[in-house]
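S.K.: compute the structure for the input listed below.
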Amino acid sequence: MATPTAANRPSPEHIFNALNAYHQSAALNTAIELDIFTAIGEGANTSATLAAKTGAAERGVRILCDYLTIQGFLTKEAGRYSLSQESAIFLDRRSPACLAPMANFLDNELNKRNFAVLTDAVRKGGTAGDHGDNTKSNDELWVNFARSMAPLTKPSAEFIARLTGAPGAKPCKVLDIAAGHGMYGITIAKLNPNAQVVALDWPHVLEVAQENATKFGVAERFSTRPGSAFETDLGADYDLVLLTNIFHHFDVPTCEKLMHRVHAGLKPGGKAITLEFVPNEDRVTPPTTAAFSLIMLAGTDAGDAYTFSQYEKMFANAGFGKTSLHPVPEMPQQVLVSER
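M.R.: Numbers count the residues shown, from 1 in each chain. Below is the predicted model:
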């Protein structure tokens, strides 16, 4: 048996860091709340100037920024802080790719409460929280989602639009199920002046989608259909039905029920477009994608991150003859195209 060396000797450091991982999310959320990244981008790069810019105590800012440097969000040289490349792109509010608003959803109190009782969820096999049935309306959660998560959708929305041939002028009727902020359908409408988009979601969530449709100049070709995707009349003769980040909230029979409805709403030759976290068949790779199952365990009654073979079977049971898989570049999700 080999004798452990200093390089391979077991250490509790990984365990220590995992148990303290909430420190990192708290620090990042605080920096976003104080607009630390934008302030540094604008030139306030010392603890004194950052304190003056943010209205926080100099000692507090110095300790926070040192911690963010340790975690790789900042760099520090001669007492001056700079943004890392990813922080400059994704956390400085002046950047068109800024994702800072998503902290309002990802770090919300409901998510934290769900993970505080994760042991109970593991014992139960589903959330120990009060809002695990996502077939029911929950404006507090989903309006927050719609207002916070739109910036994250840009790469996936543009990928879907181009994958489905949106650039051009071919007439296209699109149903966006669980539309939220509406950006997936809106992106198609922006690239195709003859696309008509119908967004389906809860009434107050659709108010956010309608605001975005107006903002991006497609309101005249954007209509809403309030209600449940499982109960509301979906309409018919759609060329495309968008199903973005919805299936992971439900068990297999519920997913199949929804996909049966989608199949009925598509015209012959139409396509259902699914955006999801799709782990490999081992269910532990790729890491970010596979780890999404734990979020569903903590927050839903029966949701999961399903593998491609599971989606193929579900969609075939709903009447779809063929489903293909398309990785979204530089994102942890994949697009599934199912042909009617």
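
S.K.: CA atoms for contacts and neighbours, from now on please.
M.R.: Noted.

S.K.: can you list the domain ranges for this protein.
M.R.: Using automatic domain parsing, the domain parsing of the chain gives 13-98, 118-339.

S.K.: all strands of the stretch 51-200 of the chain, in order?
M.R.: Ranges of strands in the stretch 51-200 of the chain, per DSSP state E, counting those that start in this stretch, are 74-77, 80-83, 172-177, 195-201.

S.K.: make JSON lines out of those strands and add distance to Ala302.
M.R.: Shown next, in JSON lines, are these (distance: least, Cα to Cα, whole Å):
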{"stretch": "strand 74-77", "distance to Ala302": "39"}
{"stretch": "strand 80-83", "distance to Ala302": "40"}
{"stretch": "strand 172-177", "distance to Ala302": "20"}
{"stretch": "strand 195-201", "distance to Ala302": "21"}
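
S.K.: could you report the neighbour count for Leu175?
M.R.: When neighbours are counted by other Cα atoms under 10 Å, Leu175 registers 29.

S.K.: any idea what it is bridged to?
M.R.: Val198, Val241 (DSSP bridges).

S.K.: per-residue confidence at it?
M.R.: Note on Leu175: pLDDT of 98.

S.K.: that older thread, of the domains of the chain, which approaches Asn104 most closely?
M.R.: domain 118-339 (6.1 Å; Cα to Cα).

S.K.: for stretch 145-164, list every residue counted as buried.
M.R.: 145-153, 156-161 (16 or more other Cα atoms under 10 Å).

S.K.: same question but for stretch 328-340, I mixed them up
M.R.: The neighbour-count check on stretch 328-340 (16+ other Cα under 10 Å) flags Val328, Pro332, Gln333, Gln334, Val335, Leu336, Val337, Ser338, Glu339, Arg340 as buried.

S.K.: what is the end-to-end distance of it?
M.R.: 22 Å (Cα to Cα, to the nearest Å).

S.K.: next: stretch 218-233.
M.R.: End-to-end for stretch 218-233, by Cα to Cα: 23 Å.

S.K.: who's in contact with it?
M.R.: With Cα atoms under 8 Å, 6 or more residues apart in numbering as the test, stretch 218-233 has contacts from 135-136, 177-178, 186, 189-190, 195-203, 206, 210, 213, 234, 257-258, 261.

S.K.: related to what we said a few turns ago, out of the strands of the stretch 51-200 of the chain, which is closest to Leu64?
M.R.: strand 74-77 (10.5 Å).

S.K.: ok, residues contacting that closest one?
M.R.: Cys65, Asp66, Leu68, Thr69, Tyr81, Ser82, Leu83, Ser84, Ser87.

S.K.: name all residues that make contact with the fifth one.
M.R.: Just to be clear, that refers to Tyr81. Ile40, Asn45, Thr46, Cys65, Leu74, Thr75.

S.K.: low-confidence ranges, the protein, go.
M.R.: Residues of the chain meeting the criterion pLDDT under 70: 1-7.

S.K.: and the longest strand for it?
M.R.: Taking DSSP state E as the criterion, the chain has its longest strand at strand 266-276.

S.K.: immediately after that strand, which helix or strand?
M.R.: Remark: after strand 266-276, the chain's next helix or strand is helix 287-299, criterion DSSP states H and E.

S.K.: in that next one, what counts as buried?
M.R.: Thr289, Ala290, Ala291, Phe292, Ser293, Leu294, Ile295, Met296, Leu297, Ala298, Gly299.

S.K.: Glu276: which of the residues you listed is nearest?
M.R.: Thr289 (9.0 Å).
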